[in-house]
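# 3D model of this:
(one chain, ligands or ions: 2)
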Amino acid sequence: MRVVATAGHVDHGKSSLVMALTGTDPDRFEEEKRRGLTIDLGFAHTRLPSGAAVSFVDVPGHVRFLRNMLAGVGGVDACLFVVAATEGWKPQSEEHLRILELLGLRHGVIAMTKRDLVDDEWSEIAALEIADHVEGTFLGSAPIVAVDSLSGTGLDELRATLDVLVSDTPPSADRGRPRLWIDRVFAPKGSGTVVTGTLTGGQLHRDDLVRIEPGAHTARIRSIQTLGSSVEQIGAGNRVALNLNGVSHDEIARGHAVVSPDRWRPTDRFDASLDVLATLDHDVSRRGAYLAYIGSRELPVKMRVLGAEALAPGTAGAVRLFLPDALPLLPGDRYVLRESGRDETVGGGEVLDIAPVTRASRARPDRSIERVVAERGWVDVDELELLTGISVDPTIGRWVTTPGLMAETRQRVTAAIEQAGELGLELAGLDEYERAVVETLDDVTVEAGRARPADVIDPFDDHPLAAMVLAGGFTPELPGDVDRLAVRELTRRGVLVERDKLLFHRDTVAAAAVVAAELLASEPDGFTVAQFRDRTGASRKYALPLIAELDARGVTRRRDDFRIAGPRLPAID
Ligand SMILES: Nc1nc2c(ncn2[C@@H]2O[C@H](COP(=O)(O)OP(=O)(O)OP(=O)(O)O)[C@@H](O)[C@H]2O)c(=O)[nH]1
Ligand SMILES: [Mg+2]
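Ligands and ions are numbered 1, 2, ... in the order given. Take a look at the predicted model:
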């Protein structure tokens, strides 16, 4: 499906045309019908001659309801631009076109309505005039179809033109990151909360858990409707109604967004490009009360121009916007900026950085991932994806960094390890990314939580005490004046194991585990301490602590007076 928004000056026939094309009157409210004026968004859908489905979002043309128009056009794929042949190009024809351009819209057709009210010559002139106004914009080569929505003249041609538009407009991209900007909220009696909107970015399924921002409300999708029928799942680029469980209709409103949980990082500030409209008669600076329009949301923002005091009409620059609450945004999202005092559209642009870390005086935002990484030094890959919407391969471990920083960190860590010498460098004292770097160093050995140069032999590896304990096998004897410091270091490294005031070498414990496995091979129901003792030749004094160590390691488990296999029992051939 493609979602197409109407656009154009008040009374030029947008709603009448949607009605003529779909059979549905998009003016939903009694007041709209009575006054013949669209106030809020309307929705209708139809199938084109090719069978392709198209959904219309019908917007109001009156300047007083511009905010509703703005709420309707975020997320649409294309536009049906309406100009009445009788009146020609008018202020909101111009403003709507500017807004659609600022939102990055690329596709559309032009309907010249009220063809029946003018003669042929006027019609020709009116069409030329429209072509003049759209020249150089995304509608520059759009077909202009003359119609009379009341009698139906020209509608077949318009339908055929819409079919071409639909096939020329790429489907809304699926980035595995669904987001639905809510444009309506209902609370039908006895059945949860229903929200509608244009789904972009990914799919939603019945029973999915979703989050609603701002506020991080969690809800479950009870059912999904599109084109008037229920579906199990729905993809990007569709008009969708969701029935939600777990969130009350008074907690959410137009402008909130339904998103997949944990795939978004809501933010209350972002850096963005700002294209200032050439028609503005003053510079744009931080002074002024601004409203930003993003998705279906209108919100008051504070603004800072980056790298300049002000931006002149017709120029482009960068700004930092501060929002009153946190929205799920990504680089590439478009916004429109209006000044509420003067009630005029100032410009708009593209979100560049949803979590700026550089001071505003020095920030030079763009969409490059390299900049995001360079500004942070080391970034977790998942974090980077939340920040940019793009998944990249980690440089090392689960970290992304710049080649320069990688080389510098390798150098620094290598130097620290060399300096630590024989005892080694304690890894617990390093940052997580530094530990990841240690693992890539060739001439470094890591043992018992310490890293040391590979050519340095661990003085504790063949410590005389360890050798003595090992030589004692299952019945190690120790001198009375044992070096406690050495014992502590050797047990900390796992070379020796201390139990019931006895010391065993780790190789002896491993041998005991093999004995246990052998015993269990012939006694699958379990073996006794006596059997273990006979097999190892160790007295109870040694056998009991050894078995206790095996139990503690999960090699064996105790059941009554027997030992049975534990999860870590070694395999024997
Ligand atoms: N004769 C004639 N009248 C038309 C045509 N299209 C619309 N009208 C009339 O023009 C008036 C305005 O039409 P709407 O469809 O409400 O205009 P709109 O653009 O939706 O207006 P807003 O939504 O308020 O901006 C109505 O009285 C329509 O009957 C047309 O093609 N021919
Ligand atoms: Mg209307």
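# Report all helices and strands that the helix or strand of the chain with the lowest mean pLDDT contacts.
Least confident helix or strand, the chain: strand 444-447 with a mean of 81, by mean pLDDT, DSSP states H and E. Other helices and strands packing on strand 444-447, by 3 or more CB pairs under 8 Å, 6 or more residues apart in numbering; DSSP states H and E, are helix 432-440, strand 450-453. No exception for glycine: its C-beta is placed from N, CA and C like everyone else's.
# Can you name the residues in contact with the next helix-or-strand element following the shortest one?
Which is strand 450-453. Using DSSP states H and E, the helix or strand that follows strand 450-453 in sequence is helix 464-471. Outside helix 464-471, the residues that touch it by CB atoms under 8 Å, 6 or more residues apart in numbering are 460, 476, 478, 482-483, 486-487, 490, 495-496, 503-505, 507-508.
# Let me know the closest of those to residue 36.
residue 495 (90.1 Å; CB to CB).
# what residue ranges in the stretch 351-500 of the chain score low on pLDDT?
Where the stretch 351-500 of the chain drops to pLDDT under 70, the residues are 456-459, 461.
# so which residue of it comes closest to ligand 2?
For the stretch 351-500 of the chain and ligand 2, the shortest gap (CB to the ion) falls at residue 351, measuring 30.4 Å.
# how about that residue, what does it touch?
Counting by CB under 8 Å, 6+ apart, residue 351 makes contact with 270-272, 294, 329-335.
# what is it paired to in the beta sheet?
For residue 351, the beta-bridge partners are residue 272 (DSSP bridges).
# measure it to residue 127 for me?
37 Å (CB to CB, to the nearest Å).
# what does residue 433 give?
Distance of residue 433 to residue 127, given as CB to CB: 63 Å.
# Kindly report the same for residue 66.
As judged by CB to CB, residue 66 and residue 127 stand 26 Å apart.
# Same check on residue 103?
From residue 103 to residue 127 the distance is 25 Å (CB to CB).
# more neighbours, the two?
Set side by side, residue 103 and residue 127 show more neighbours around residue 103, with 23 against 19, by other CB atoms under 10 Å.
# Over to residue 410. Which of the three states is it?
Put simply, residue 410 is helix when judged by DSSP: H, G, I helix; E, B strand; the rest coil.
# Can you give the distance from the helix or strand where residue 222 lies to the centre of its chain?
Here residue 222 sits within strand 217-226, counting by DSSP H and E. Centroid separation for strand 217-226 versus its chain: 19 Å, with CA atoms, centre = their mean, to the nearest Å.
# Just the buried residues of that strand, please?
Residues 217, 219, 221-226 are the ones in strand 217-226 that count as buried (16 or more other CB atoms under 10 Å).
# Same question for stretch 42-52.
42-46, 48.
# picking that back up, show me what counts as buried in the least confident helix or strand of the chain.
Buried residues in strand 444-447, counted by 16+ other CB under 10 Å: 444-446.
# Likewise for stretch 369-388?
For stretch 369-388, a neighbour-count test (16+ other CB under 10 Å) marks 369, 371-373, 375-376, 378-381, 383-388 as buried.
# Just the ones in helices from these, please.
369, 371-373, 375-376, 381, 383-388 (DSSP state H).
# with the buried residues of stretch 42-52 in mind, which one is nearest to ligand 2?
residue 42 (7.1 Å).
# I figured that closest one hits residue 26, correct?
Yes: with contacts counted by CB atoms under 8 Å, residue 42 reaches residue 26, the gap being 2.6 Å.
# Show me the common contact partners of these two, please.
Common neighbours of residue 42 and residue 26 (criterion: CB under 8 Å, 6+ apart): 15, 18, 56, 58.
# Please indicate which of those residues has the highest neighbour count?
Highest neighbour count within the shared contacts of residue 42 and residue 26: residue 58, with 31 neighbours (other CB under 10 Å).
# Just give the number of residues close to whichever residue of the stretch 151-300 of the chain sits closest to ligand 1.
Closest to ligand 1 within the stretch 151-300 of the chain is residue 151: 7.6 Å, counting by CB to the nearest ligand atom. As a burial measure, residue 151 scores 11 neighbours (other CB under 10 Å).
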